[in-house]
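J.: This is a predicted model, with the sequence first.
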Protein chains: 2
Amino acid sequence: LQKLGKADETKDVAFEEGVINFNKQYTEGSKLQRDLRAYLEAVKAMHESSKNVQACLADMYEPDWDGHDEVESIVEDCDVLWTDYHQKLVDHALISMDTYLGQFPDIKARIAKRDRKLVDYDSARHNYSATHKTKKKDGGIKITKPASLLERAAPGWAQGILSAHSVAQSSLSRSQAEEELERAQKVFEEINIDLQEELPSLWNSRVGFYVSTFQSLAGFEEKFHKEMNELLPSSILCLFNLIVSLSPSSMFCL
Amino acid sequence: LQKLGKADETKDVAFEEGVINFNKQYTEGSKLQRDLRAYLEAVKAMHESSKNVQACLADMYEPDWDGHDEVESIVEDCDVLWTDYHQKLVDHALISMDTYLGQFPDIKARIAKRDRKLVDYDSARHNYSATHKTKKKDGGIKITKPASLLERAAPGWAQGILSAHSVAQSSLSRSQAEEELERAQKVFEEINIDLQEELPSLWNSRVGFYVSTFQSLAGFEEKFHKEMNELLPSSILCLFNLIVSLSPSSMFCL
């Protein structure tokens, strides 16, 4: 492919802004996906370590102490709440995040393809306008390719024949350039029209996606905290009853 | 030190049970301390990752969107709640855990010392009773140590002199054994009396300690979940207002 000067390249400022937005959106989304995965790992780790601390309580809570069974059931309920919270985040936030981000690689590949097809199109346009300018300026014959050794070596009488041959070649180039231009334009426009629609629509979809993601994150988190908040007082009450049931004298010797 | 037969050793079944309880209590406490530290690490990690996810929200939430400042303030409030929860666990649960467990190494060392002093005491008692038995059985002279080469080699007339020397040595051994016994008993009893009081008292203190530890853990956790639960709806409302304020057509293009 011919490298064109800046002046010959097709500029589409709106589309370029769309690409800048696309890249920003992809980076932002990928970062959220990464941070969400790390958060899920942390939820798992906190669930695990909270389970271990509660297992200590269950182990220490001797079978003949008041409320032993209650403590075991509270520990189990806590475990269920943690598991449920993690699962909800995976099923809703993470999977919808993956679906959302799944759109980007294909569009990114099509943006790159559009760039290549635009170069082809610009190049075809350049060739076409070059053959047309030549026709207008000289009223016809201009050999765009350098004179061949045969032409330079040919005697005077032979120049006319070669010249006629060049005219035929030049007409052929012009119609070829026209065909090439039409083809390049069609290929470029096919890919361009879709992207011109998809990029702004994808860009706008981010708001709804962010809102629904953070709403479901906050919603599951709220539910989790609420249920934990309902469960914990019963554990505190259980421990309080234990204090009452055991002789106070043996309790606070520490 | 002389190795005594099992029959000569002082047995104190109640104290031995106390030591079994002490070891169980130390193991249980150390496990709780370890699990509590791991839980605190997990709290820190979840705080960190939750902060990162919320930073994504704050970054994505464009400055001209409705409720931008509210989102920033909710993110900051969440951060404060996490920091506060972690700090409360460190200040109360972990530090009181460390204080509680801090008693064990000294007592463990004193149990080991009591064991050694009991061996000394048993050995002194054994020596003393051996010298007394000898006196009663033979009405006096019995050389407990094997006959020396000198004794075996001495002629008949010299045996009386050697024998008188042995009687004097034996009296000396008896009074020495008595002194030794008194000393060993005093040393042993000094350390034993303290431990006989401290072990059951430490063992009983576990209940109060466990109850207060788990109560404060559950209490801080409850407070944390409660405050999170109060904070999150405002974040959900904020996102809901954003939906309303932006054109619905641009929102759900995903």
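T.: All right, it came through fine.
J.: I'd like to know which helix or strand in chain A has the lowest mean pLDDT.
T.: Counting by mean pLDDT, DSSP states H and E, the weakest-scoring helix or strand in chain A turns out to be helix A:149-153, with a mean of 51.
J.: does the helix or strand following that helix come close to chain B?
T.: For helix A:149-153, the succeeding helix or strand toward the C-terminus, using DSSP states H and E, is helix A:156-245. Yes - using CB under 8 Å from any CB of the partner chain as the criterion, contacts between helix A:156-245 and chain B involve A:201-202, A:204-211, A:214-215, A:217-219, A:221-222, A:224-226, A:228-229, A:232-233, A:235-236, A:239-240, A:242-243. C-beta coordinates here come from the backbone N, C-alpha and C atoms, glycine included.
J.: Taking helix B:159-245 as reference, get the angle to helix A:156-245.
T.: Orientation note: helix A:156-245 sits at an angle of 120 degrees relative to helix B:159-245 (axes from the mean of the first three to the mean of the last three CA atoms, to 10 degrees).
J.: pLDDT averaged over helix A:156-245 - what is it?
T.: Rounded to a whole number, the mean pLDDT of helix A:156-245 is 83.
J.: I'd say A:His68 and A:Met60 touch.
T.: No - using CB atoms under 8 Å, A:His68 is not in contact with A:Met60, being 10.7 Å away.
J.: Distance-wise, check A:Glu70 relative to B:Leu81.
T.: Look at A:Glu70 and B:Leu81: by CB to CB, to the nearest Å, they are 28 Å apart.
J.: And A:Ser123, by the same measure?
T.: Between A:Ser123 and B:Leu81 the distance is 60 Å, computed by CB to CB.
J.: Please apply the same query to A:Tyr128.
T.: In this structure, A:Tyr128 and B:Leu81 are separated by 67 Å, where distance is defined by CB to CB.
J.: Any idea how many residues pack against A:Asp91?
T.: As a burial measure, the neighbour count of A:Asp91 was computed by other CB atoms under 10 Å in any protein chain shown and equals 12.
J.: Now for it: which residues touch it?
T.: With CB atoms under 8 Å, 6 or more residues apart in numbering or on different chains as the criterion, no residue contacts A:Asp91.
J.: cutoff 10 Å now
T.: A:Asp91 makes contacts with A:Ser216, A:Phe220, as judged by CB atoms under 10 Å, 6 or more residues apart in numbering or on different chains.
J.: From what I see, A:Lys108 and A:Asn23 are in contact.
T.: Yes - the pair A:Lys108 and A:Asn23 passes the contact test of CB atoms under 10 Å, sitting 8.5 Å apart.
J.: how about whatever helix or strand A:Ala42 lives in, does it get close to chain B?
T.: If you go by DSSP H and E, A:Ala42 is part of helix A:13-60. Yes - using CB under 10 Å from any CB of the partner chain, helix A:13-60 comes into contact with chain B via A:24-25, A:28-29, A:31-57, A:59-60.
J.: With stretch A:98-106 instead?
T.: Yes - contact between stretch A:98-106 and chain B, assessed by CB under 10 Å from any CB, occurs at A:Thr99, A:Tyr100, A:Gln103.
J.: Any chance of TSV for those residues, columns pLDDT and distance to A:Phe15?
T.: Compiled in TSV, these are given as follows (pLDDT from 0 to 100; distance: CB to CB, whole Å):
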residue	pLDDT	distance to A:Phe15
A:Thr99	94	26
A:Tyr100	95	22
A:Gln103	95	18
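J.: Could you tell me which of those belong to helices?
T.: Helix and strand membership here follows DSSP state H; of the residues of stretch A:98-106 next to chain B, those in helices are A:Thr99, A:Tyr100.
J.: Name the member of the residues of stretch A:98-106 next to chain B with the most neighbours.
T.: When neighbours are counted by other CB under 10 Å, A:Tyr100 leads the residues of stretch A:98-106 next to chain B with 21 neighbours.
J.: What separation do you get for that one and A:Ser212?
T.: Between A:Tyr100 and A:Ser212 the distance is 10 Å, computed by CB to CB.
J.: Also A:Asp91?
T.: Distance, A:Asp91 to A:Ser212, by CB to CB: 14 Å.
J.: And for A:Ile74?
T.: Here A:Ile74 is placed at a distance of 34 Å from A:Ser212 (CB to CB).
J.: now swap in A:Lys51 and tell me
T.: 31 Å.
J.: Those two: which is more packed in?
T.: Neighbours were counted for A:Lys51 and for A:Ser212 using other CB under 10 Å; A:Ser212 has more, 20 against 17.
J.: thinking that one is in contact with B:Leu242, fair?
T.: No - in terms of CB under 10 Å, A:Ser212 does not count as a neighbour of B:Leu242; the distance is 11.0 Å.
J.: list the contacts for A:Thr10?
T.: For A:Thr10, the contact set (CB under 10 Å, 6+ apart) comprises A:Leu4, A:Leu118, A:Val119, A:Tyr121, A:Asp122, A:Arg125, A:Phe188, A:Asn192.
J.: Among those residues, name the ones in helices.
T.: A:Leu118, A:Val119, A:Tyr121, A:Asp122, A:Arg125, A:Phe188, A:Asn192.
J.: among those, which two are most distant?
T.: Spatially, the most separated pair among those is A:Arg125 and A:Asn192, at 14.1 Å (CB to CB).
J.: and A:Lys133, how far is that from chain B?
T.: When distances are taken as CB to the nearest CB, to the nearest Å, A:Lys133 and chain B turn out to be 45 Å apart.
J.: give me the number of residues near that residue?
T.: If you count neighbours by other CB under 10 Å, A:Lys133 ends up with 11.
J.: Repeat that for A:Asp66.
T.: Using other CB under 10 Å, A:Asp66 has 16 other residues around it.
J.: Could you do A:Leu118 as well?
T.: Burial of A:Leu118, expressed as a neighbour count using other CB under 10 Å, amounts to 19.
J.: That one touches A:Ala184, doesn't it?
T.: Yes - counting by CB under 10 Å, A:Leu118 sits close enough to A:Ala184 to count as a contact (9.1 Å).
J.: what helix or strand is the residue nearest to A:Phe220 when sequence neighbours are not counted on?
T.: Nearest-residue entry for A:Phe220: A:Lys88, 4.7 Å, with adjacent residues in sequence omitted and distances by CB to CB, 6 or more residues apart in numbering or on different chains. With the criterion set as DSSP H and E, the secondary-structure element containing A:Lys88 is helix A:68-88.
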